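Asker: coordinates only, sequence not included:
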């Protein structure tokens, strides 16, 4: 009995048969059935009596898989001249070509490009011609982005057969692929991110002439409301920062993000020279794949810095073995800050502890329940940006909040850039004082040092 996978596209069940020889599934085939039981009956009928394809010719499932294997090896191996001649002889014997036919010495580039290897190379930061081209034009693309995209190729790999060529992919294929991802109950944003793993390369290949038609043109994205991220309430804030933190860097980093809206990479990238009086210069971000780089959207910005937070940052810097020359959120090496996950792990541990009664704080099962509830709420280090923006939005207009957080489109950035050092900063400073000064009074929190 052949192994197979039954799944839905839209409202119809499809089946993919496992090819043991090449260790992958073949192309999905519609059973035309809307109930699982009816689809199973149809698949078993094909296994016993054969499958009739679109060409109305019947073949056994075994023959179908063997033919897929032949195509796979022919498309992936380099044939010698003798092998090409032998292949022509076989095709002549089968009556497929005339006796004087010959195979071309080599196929055109478009004909020979396999989909999955193409995607793998495209998102390989060190070897991608796309990345080299972006850099040549002075455009930025991060290693982290390429890494995330390369991980998402697994979804393409599990859907498209290994012998699928770049030119074989149609718009219909992409629509069915989207529907299969939807059937896995993935969020709309997740589905769209997975699909861009291919749509971006398709557009690039079409522009270069490597692909005659871009199958992604006109492909619609999934829309839907992402799960709303919750924010901590004022009582939770006071409880959180009046608790004991194991790592002072994590406590100060979370406190800084709450009162400035900085991203995690922007927090750990800070140095002493970024502190300018009552302002913080957000000039860099850090990731361990890219190192020190420009902030997201490639734009520097200025945010108000409360006196108490400034003191916290300078006190933290005093504990660094590297002094003023290193990062404020120092790591084990002078030229590298601490791991970003220190920020999230510290927040998670204190949150779990404060939510549990003393007698249950050592109970692993109870800790896991609170941690799951925290995840369901969407509480994480990035929540501070939402916390910051939400509280400022009650005090000042949205465009001013966007300038402070750097959470905006490039068009908006260009339109409002001239005001970045002027009135908007005064408005944000006043709002930050109004919102956070009372919230972070020293008598309402524990200072670890």
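Answerer: Cool, the structure landed. Bear in mind that the values here come from a model prediction, so they are computed numbers and not experimental data. Numbers count the residues shown, from 1 in each chain.
Asker: Touching, residue 205 and residue 166? I think so.
Answerer: Yes - contact criterion CB atoms under 8 Å: residue 205 and residue 166 qualify, at 6.7 Å. (Each C-beta comes from the backbone N, C-alpha and C, glycine too.)
Asker: who touches both of those two?
Answerer: 118, 211 (CB atoms under 8 Å, 6 or more residues apart in numbering).
Asker: who's more crowded, these two?
Answerer: Counted by other CB atoms under 10 Å, residue 205 and residue 166 do not tie: residue 166 has more neighbours, with 23 against 20.
Asker: For residue 180, give me phi and psi.
Answerer: phi -70, psi -40 (degrees, to the nearest 10).
Asker: Look at it and say how many residues are nearby.
Answerer: 20.
Asker: Helix or strand, whichever it is, which one in the chain has the lowest mean pLDDT?
Answerer: helix 410-416 (a mean of 36; mean pLDDT, DSSP states H and E).
Asker: Which residue ranges of the stretch 1-150 of the chain form helices?
Answerer: Secondary structure of the stretch 1-150 of the chain (DSSP state H, counting those that start in this stretch): helices located at 36-49, 61-76, 81-93, 109-112, 115-122, 129-136, 143-159.
Asker: rank those helices by mean pLDDT and give me the bottom one.
Answerer: Among these, helix 109-112 carries the lowest mean pLDDT, at a mean of 57.
Asker: before we move on, back to that, which of the helices of the stretch 1-150 of the chain sits closest to residue 277?
Answerer: helix 143-159 (32.4 Å; CB to CB).
Asker: Just the buried residues of that closest one, please?
Answerer: Buried residues in helix 143-159, counted by 16 or more other CB atoms under 10 Å: 143, 145-146, 149-150, 152-153, 155-156, 159.
Asker: Same check on stretch 198-209?
Answerer: Buried-residue list, stretch 198-209, by 16+ other CB under 10 Å: 198-202, 204-206.
Asker: wait, what's in contact with the residue nearest to residue 302 when sequence neighbours are not counted?
Answerer: The shortest distance from residue 302 to any non-neighbouring residue, by CB to CB, 6 or more residues apart in numbering, is to residue 279 (5.3 Å). By CB under 8 Å, 6+ apart, the residues touching residue 279 are 302-305, 425.
Asker: where are the low-confidence patches of the protein?
Answerer: Scanning the chain for pLDDT under 70 picks out the ranges 1-2, 10, 53-57, 97-111, 224-228, 297, 394-425, 442-449.
Asker: how close does the spatially most central residue of it get to residue 381?
Answerer: Residue closest to the average C-alpha location in the chain (CA atoms, centre = their mean): residue 148, at 4.9 Å. Counting by CB to CB, to the nearest Å, the gap from residue 148 to residue 381 is 18 Å.
Asker: again, but for residue 213
Answerer: From residue 213 across to residue 381, the span is 44 Å (CB to CB).
Asker: Now the longest strand along the chain: buried residues?
Answerer: Looking across the chain with DSSP state E, the single longest strand is strand 12-19. Neighbour-count burial for strand 12-19 flags 13-17, 19 (criterion: 16+ other CB under 10 Å).
Asker: Would you confirm that residue 146 contacts residue 127?
Answerer: No - using CB under 8 Å, residue 146 makes no contact with residue 127, being 10.3 Å away.
Asker: Please point out which parts of stretch 385-392 sit buried.
Answerer: Those would be 385-389, 391-392, for stretch 385-392 by 16+ other CB under 10 Å.
Asker: Helices - which of these land there?
Answerer: Among the buried residues of stretch 385-392, the members falling in helices (DSSP state H) are 385-389, 391-392.
Asker: could the residues you listed go into CSV alongside distance to residue 431?
Answerer: Below are these laid out as CSV (distance: CB to CB, whole Å):
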residue, distance to residue 431
385, 15
386, 16
387, 13
388, 10
389, 11
391, 8
392, 5
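Asker: what about the closest residue to residue 206 other than its chain neighbours, which SS state?
Answerer: Closest residue to residue 206 apart from its sequence neighbours, by CB to CB, 6+ apart: residue 214 at 3.8 Å. When classified by DSSP: H, G, I helix; E, B strand; the rest coil, residue 214 comes out as coil.
Asker: Surely residue 214 and residue 203 touch.
Answerer: Yes - using CB under 8 Å, residue 214 is in contact with residue 203, at 5.6 Å.
Asker: And residue 84, how far from residue 78?
Answerer: 10 Å.
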